[in-house]
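1. Fold the following.
(chains A, B and C)
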Amino acid sequence: MKRVFFMVMMVFLIIPFILFAQTPKKAVSPPISSQTNTCLGCHKTYTPGIVEDWLKSLHSKVTPEMALKKKPLERRMSSEKIDASLNKVVVGCYECHSLNPTKHKDNFDHMGFKINTIVSPADCATCHSVETAQYLNSKKAHAVGNLTKNPVFHALVDTVVGQKKVENSKVTQLPSTESTKHETCLACHGTEVKVQGLKEISSAMGKIKVPSLTNWPNQGVGRLNPDGTMGSCSACHPRHSFSIEVARKPYTCAQCHLDPDVPAWNVYKESKHGNIYFSKYHEWDFNSVPWKLGKDFQAPTCAACHNSLITTTDGKVVVERTHDFGARLWVRLFGLIYSHPQPVHGDTSTIKNKDGLPLPTTFTGEVATSGLISKDEQNLRQSKMQGFCKSCHSSQWTANHFTKLDNTIKEVDGMILSSTLMLLEAWKNNLAEGFIHGKNPFDDAIEQMWIRQWLFYGNSIKYSSAMTGAPDYATFKNGWWNMGENLQNMKDWIEFKKNVKGSEKR
Amino acid sequence: MKRVFFMVMMVFLIIPFILFAQTPKKAVSPPISSQTNTCLGCHKTYTPGIVEDWLKSLHSKVTPEMALKKKPLERRMSSEKIDASLNKVVVGCYECHSLNPTKHKDNFDHMGFKINTIVSPADCATCHSVETAQYLNSKKAHAVGNLTKNPVFHALVDTVVGQKKVENSKVTQLPSTESTKHETCLACHGTEVKVQGLKEISSAMGKIKVPSLTNWPNQGVGRLNPDGTMGSCSACHPRHSFSIEVARKPYTCAQCHLDPDVPAWNVYKESKHGNIYFSKYHEWDFNSVPWKLGKDFQAPTCAACHNSLITTTDGKVVVERTHDFGARLWVRLFGLIYSHPQPVHGDTSTIKNKDGLPLPTTFTGEVATSGLISKDEQNLRQSKMQGFCKSCHSSQWTANHFTKLDNTIKEVDGMILSSTLMLLEAWKNNLAEGFIHGKNPFDDAIEQMWIRQWLFYGNSIKYSSAMTGAPDYATFKNGWWNMGENLQNMKDWIEFKKNVKGSEKR
Amino acid sequence: MKRVFFMVMMVFLIIPFILFAQTPKKAVSPPISSQTNTCLGCHKTYTPGIVEDWLKSLHSKVTPEMALKKKPLERRMSSEKIDASLNKVVVGCYECHSLNPTKHKDNFDHMGFKINTIVSPADCATCHSVETAQYLNSKKAHAVGNLTKNPVFHALVDTVVGQKKVENSKVTQLPSTESTKHETCLACHGTEVKVQGLKEISSAMGKIKVPSLTNWPNQGVGRLNPDGTMGSCSACHPRHSFSIEVARKPYTCAQCHLDPDVPAWNVYKESKHGNIYFSKYHEWDFNSVPWKLGKDFQAPTCAACHNSLITTTDGKVVVERTHDFGARLWVRLFGLIYSHPQPVHGDTSTIKNKDGLPLPTTFTGEVATSGLISKDEQNLRQSKMQGFCKSCHSSQWTANHFTKLDNTIKEVDGMILSSTLMLLEAWKNNLAEGFIHGKNPFDDAIEQMWIRQWLFYGNSIKYSSAMTGAPDYATFKNGWWNMGENLQNMKDWIEFKKNVKGSEKR
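-> Sure, this is the predicted structure:
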């Protein structure tokens, strides 16, 4: 009887074992550093949103040591060796906000700790060194200087976002203010964040002193940081969740790459790729590393074509990861006025055209002879991009697409040249004052019509062609329709202005 | 042996117990009233979509008595006491469509029941009294009168949506029709729904008589209902699912708050908040009450900043719920022409400017001296909003954002003033007829260019600044670019018109 | 004891049975043909995206024999009998790409198989014969000829997308190129794909010969295929997943039906239907056949109103499936210039107006007397559509909506007529050259303003009215505002041009 009892008991004992055999063991959470624990102690009360965001991030769940144990293709960390002090704790507040303190002009005493306000790409490079190095060579990293160190571009900025005063029907242009540039051009390009001493602020803990920052907040891609670095990783991996999913979803790129001037997002939305993305993304995996084509996603997002490490389901690499966002691009659809080969360096402020202006082409479309990549490099990059296309499209399909794009660039640049010739007519007849008078080429009505041709309409058509879709963006929505109509308007404007001039003489 | 058998049987008996121990007991559905059951009997055949919608709603699953048992912060009902006849049945067809019958001019005999066609805010107030009371003080509730009782606004409506006839190249304006106003301005603002007796209609059940309603259907926020009330709860909690999720998602607000005139939705989409929303909302909980910051959502939607009760994960209230949609707003970005402090009451039709016009500012930007909230009240409201921002952003970040917004409002209103000066030039020279001639200030081409400055472009820049993002809406998409270009066009128009006038004299 | 042991063993044996009783048996995959297996052998390496896409499709999981066993309303296949060679294998590469080889000019020898590059509607008809037959009568199937065989439409195409040259401020129009038409108008309408012999291409397997295709790639709805058929099923059921979910989601229609010319998508997004869709679609079932109202979806998408078989939850048919996309439409909002009854046939190129022009109305709005459906047919189709509306809306609601639409069409066509009268004024005064001079009516600035009236603004208002929502599309966003403003601009343009002409004479 005892044995029977024993056996029956065994059954009881065995049931939960069977029941829960497949339940994963609750993992022991990796350790949080004591410093970070102190941060969390207060900030979970004072900035609960930041703490919750971090708690949902991988950074709160993984130590560098754990991350380094992944197979090469699965690794999210590119640095091979991490300082012992960081290696065995999760990546918390203190681990990021305390790095390289001597370089950080924004470092300050905060509750007994030396804290940097802004975590810079150099800090992120501790674990993500390859990505940071790649990024530094991209146009994105140089986005501030490329705008502000180029007098032509800067004249455009001032003309667009500077205030205008009116007196006796005359319009006077004022220089643009930092505050307005900060939320227009520099919101995407990045501001220069400088430390102007400490200031006392009222916080929930009472008065505390913090570094007083200019042009802050800002997450522009080329932000100039108080530690002397360029860039803002949180532009694409926002705030404290550092999400690869967010960066891979097109909404992130969409914040800056949108119509009317850079209509990549708008074109994507209306393309077949976009159609499939919006219909099916709920079944895809945007967190998987590497990103497996066909399994994790069925149609590309921005990141798939331009950035991500893509493999097949059986682990064959289709394209390598890059954080130099132009690395797979051979032609620059939008530099200024006309298309041209991609620049060699991310810093484009040194490129000069034949006329000595800091532009990649002349006013009539002649391409600069240096600073731009060679035909061979163009071919190499295009073949990289084509390699990715061919994962889902036949060779002929792919080749024809690229041929079509070449033709479109040629036709659109031809339309822009026609518009430039119209503008020159206005200048020659002194109906507007521009380059040839040594004056602002961006402030008269006809000059602004001309800007629309390349900055809005030309770009729409080229992007629509390049991203194989969005026919309405090539046709009626900032496309061919608008280029043609606008050219007629330029012609009529000249006619009306000549008439006014003629009347003045009579 | 018997005992062995008994024990083994015990094991058998115990297995299902173990297996299903964690399965929640199937709840007994709360009762449906007999009247509602009668409604459902026919309507599941004749309007199956309505019935299915209701079946998915909380209203079909919960009685007021159950709802009142929730902890205070978790309650979705604000009325403390409910009539016994409603308390123990779910909130069905009859419970809502039979309330306050004597007040409802749209009440009619329907298959033996006295039914109201339209459920009004006063009916919803039976259970949701606090929300209804808050709503009644909002500008939304007064959206019809604010438009139709203001002769300036109404002139704008007529000019925009009235038909135009052409004879000998002359344009004649006809007054706008009810039907067209109904699907343009009043689609958002609300129509006046009146009962014009009964009419016989052909339904699936044969001929039946129903109240004949004017300007119906309509779900405008300030709809004037046949029971004398203002508003339409289904504007944001659509149809028969009465969803808090739908109201919290930004698509709801987007139906009316969109470009070119109120580009809140467009700006949100392109902001960092929007980027995070679109990337991560599939993991958030939009039905949770209270709405827990960081846990239920990681970035705000419209409702989070303007309406919802928000708490931390541990139940600390961050902001209180309000259905007065301006309660956390200190400045009105868009009233008419220039920004100004929020109005004291939702009914803005009584505000007068210094010149006696029913506007919150003069034509050149001077703010009205009464009817608008005080500086103290502005500060109070701004600090409420800032309190919410600081859940995720530092004090400095938050303060700098609001300083930037103040500057933007000033600069944009300056640009609008420049445009107004240009318009005055046209009026003074009799190139167009407007206010100073006692004529329609909205119908000439230069007047319409001027309207664009404040109604489209100024609003875009201000919203973009206020919602911290969408730099392209501040720059090229209805932003600074368009304000500057349009001002040039106003100048040229004056020049061309003067020339025509001069020629006529010659 | 033995028996005790036996009984205890029984318990052990029974546990897994209880545990896994509800786990579905792993289905045995239906067979793949040997030919398709050969295709997959290489293509999983060379075009892995295509193979993965197919693996996720129903085609890879179901044989025609299995599909035919479904109950009538649940069937996704309309052909009643399938050739034995196809019946018992899944629908793989070879099953689709080998059909009707003698008709396919794009058939070629590929690794020992006779393969068609392009799968045409006639091939899909093998299993989906009813859908293909319906489609052939739709305007979509005839979308190429309707554009290219109509000289008026074709003049518009050439004017819009042809290059313009400028010399001495004169604009010269060049004919449009195939390449540009291919990515503008014909991207939606469809290209003519012809085979020009074989060409050698470099593939991952080395040099291979494939049919050289013109105007390829293209997925326009009316594509002219190398087997002589019209249409492209993959326009809406993209690539190799052949998804009903993708076709039912509005992003698919959105690729072509979007603003400014066909703003169905834009209007939907901002309508109440769209609001509910975007807020709740994650809980809906887009793969269910039939599509059950209220259960599978709570608000219609494009497909629900125009195409899908819709039933109630208890299987009552609300509307039948159709692939003739105009079958539930009575009025054509956008043909050319004015609205008119839907055409009788999908081929509209034969319709002539009273003046002999290939248009459904005259220049001043008189409707053609043949080729358009009768009043009775209009009523029949409208009642079909109303029947669907009434699933969720009352009879009065529905009736009032359609009355409002009728009025809107009348008012908008009146505005277009006003604009046409303005244009005629310009022509009569020789300020622009158009129809009455036997010249291009689309290339002068005032002609383009006139085009905007009906092609952009009129359509926006009409679509907004028809789809009951999006008040901003009827008001400020390409709506009444723009129609009125543009009419003023037409008037001013005439004034300025007359002045120039007068000056020339003086």
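
2. Could you use CA atoms for every contact and neighbour count after this?
-> OK.

3. Any residues of the stretch 201-350 of chain A in contact with chain C? List them.
-> Within the stretch 201-350 of chain A, the residues that sit near chain C (CA under 8 Å from any CA of the partner chain) are A:270-272, A:275-276, A:278-280, A:293-295, A:298, A:312.

4. what's near enough to touch the spatially closest residue to residue A:454 that is not a sequence neighbour?
-> Nearest non-adjacent residue to residue A:454, counting by CA to CA, 6 or more residues apart in numbering or on different chains: residue A:337, 5.4 Å away. Taking CA atoms under 8 Å, 6 or more residues apart in numbering or on different chains, we find residue A:337 in contact with A:361, A:363, A:365, A:416, A:451, A:454, A:455.

5. Lowest-confidence entry in those residues?
-> Least confident of the contacts of residue A:337 in the model: residue A:363, at 91.

6. Check chain A and tell me which residue is nearest its centre.
-> Compute the mean C-alpha point of chain A, and by CA atoms, centre = their mean the closest residue is residue A:253, 5.4 Å away.

7. Please report how far it lies from residue B:279.
-> 12 Å (CA to CA, to the nearest Å).

8. Could you point out the helix or strand that follows the lengthiest helix in chain A?
-> Secondary structure of chain A per DSSP state H: the longest helix is helix A:395-428. Next along the chain after helix A:395-428, taking DSSP states H and E as the criterion, comes helix A:445-451.

9. Give the full set of residues in contact with residue A:460.
-> Going by CA under 8 Å, 6+ apart, residue A:460 touches A:259, A:260, A:261, A:262, A:263, A:267, A:473, A:474, A:478, A:479.

10. Chain C: which of those is nearest?
-> residue A:474 (5.7 Å; CA to the nearest CA).

11. Surely that closest one is in contact with residue A:465?
-> Yes: the pair residue A:474 and residue A:465 passes the contact test of CA atoms under 8 Å, sitting 7.4 Å apart.

12. Same drill for those two, tell me which one is more crowded.
-> residue A:474 (29 against 26; other CA atoms under 10 Å in any protein chain shown).

13. so is the nearest residue to that one once chain neighbours are set aside in a helix, a strand, or just coil?
-> Closest residue in space to residue A:474, ignoring its immediate chain neighbours: residue A:461 at 4.2 Å, by CA to CA, 6+ apart. Three-state assignment for residue A:461 (DSSP: H, G, I helix; E, B strand; the rest coil): helix.

14. circling back to that earlier point, can you tell me which of the residues of the stretch 201-350 of chain A next to chain C end up in helices?
-> Short answer: those in helices (DSSP H) are A:272, A:275, A:276, A:278, A:279, A:280.

15. TSV for those residues, including pLDDT, distance to residue A:240 and neighbour count?
-> Formatted as TSV, these follow (pLDDT from 0 to 100; distance: CA to CA, whole Å; neighbours: other CA atoms under 10 Å in any protein chain shown):
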residue	pLDDT	distance to residue A:240	neighbour count
A:272	96	33	25
A:275	97	30	24
A:276	97	30	24
A:278	98	26	17
A:279	97	29	19
A:280	97	27	17
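
16. which SS class is residue A:130?
-> Per three-state DSSP, residue A:130 ends up helix.

17. circling back to that earlier point, between all of the ones in helices among the residues of the stretch 201-350 of chain A next to chain C, which two are at the greatest distance?
-> A:272 and A:280 (12.2 Å; CA to CA).

18. following the lowest-mean-pLDDT helix or strand in chain A, which helix or strand comes up?
-> Ranked by mean pLDDT, DSSP states H and E, the weakest helix or strand in chain A is helix A:2-20, scoring a mean of 54. Once helix A:2-20 ends, the next helix or strand along the chain (criterion: DSSP H and E) is helix A:34-46.

19. before we move on, back to that, now list whatever residues contact both of residue A:474 and residue A:465.
-> With CA under 8 Å, 6+ apart, residue A:474 and residue A:465 have common neighbours residue C:183.

20. Might you report the residue contacts of residue A:382?
-> So residue A:382 contacts A:328, A:329, A:330 (CA under 8 Å, 6+ apart).

21. let's see it at 6 Å
-> residue A:330 (CA atoms under 6 Å, 6 or more residues apart in numbering or on different chains).

22. Remind me which helix or strand it belongs to.
-> Here residue A:382 is assigned to helix A:375-389, by DSSP H and E.

23. Likewise for residue A:186?
-> helix A:185-189.

24. distance between that helix and the chain's centre?
-> Its chain's average C-alpha position is 11 Å from that of helix A:185-189, according to CA atoms, centre = their mean, to the nearest Å.

25. Quick check: next helix or strand after it?
-> Heading C-terminal from helix A:185-189 (DSSP H and E), you reach strand A:195-203.

26. From the contact counts, what lies against that next one?
-> strand A:206-213 (3 or more CA pairs under 6 Å, 6 or more residues apart in numbering or on different chains; DSSP states H and E).

27. For the stretch 251-400 of chain A, which residues are neighbours of chain B?
-> A:251, A:252, A:255 (CA under 6 Å from any CA of the partner chain).

28. Make JSON lines out of these and add neighbour count.
-> Formatted as JSON lines, these follow (neighbours: other CA atoms under 10 Å in any protein chain shown):
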{"residue": "A:251", "neighbour count": "25"}
{"residue": "A:252", "neighbour count": "27"}
{"residue": "A:255", "neighbour count": "24"}
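
29. picking up where we left off before, give the buried residues for the longest helix of chain A.
-> Neighbour counts over helix A:395-428 (16 or more other CA atoms under 10 Å in any protein chain shown) mark A:395-402, A:404-405, A:407-409, A:411-427 as buried.

30. touching chain C at all, that helix?
-> Yes: for helix A:395-428 and chain C, the contact criterion (CA under 6 Å from any CA) is met by A:397, A:418, A:422.

31. can you pull out the helices in the stretch 201-350 of chain A?
-> Per DSSP state H, counting those that start in this stretch, the stretch 201-350 of chain A carries helices over the ranges A:244-248, A:250-254, A:264-269, A:272-280, A:302-306.

32. what's the closest of the ones you listed to residue C:193?
-> That would be helix A:272-280 among these, by CA to CA, at 19.3 Å.

33. Mind listing residues that contact that closest one?
-> Contacts of helix A:272-280 (CA under 6 Å, 6+ apart): A:268, A:299, C:246, C:251, C:252.

34. re earlier: what's the angle from the helix holding residue A:382 to helix A:395-428?
-> For helix A:375-389 against helix A:395-428, the angle by axes from the mean of the first three to the mean of the last three CA atoms, to 10 degrees is 130 degrees.

35. Might you quantify the distance of helix A:375-389 from its chain's geometric centre?
-> Worked out by CA atoms, centre = their mean, helix A:375-389 lies 21 Å from the chain centre.

36. for that helix, which positions count as buried?
-> Neighbour counts using 16+ other CA under 10 Å place A:377, A:378, A:381, A:382, A:384, A:385, A:386, A:387, A:388, A:389 of helix A:375-389 among the buried residues.

37. and the fifth one, how far is that from chain B?
-> Read that as residue A:384. From residue A:384 across to chain B, the span is 28 Å (CA to the nearest CA, to the nearest Å).

38. Skipping adjacent residues, who's closest to that residue in space?
-> residue A:328 (6.3 Å).

39. Quick check, the one you found in contact with residue A:383.
-> No: counting by CA atoms under 6 Å, residue A:383 is not a contact partner of residue A:328; they are 8.6 Å apart.
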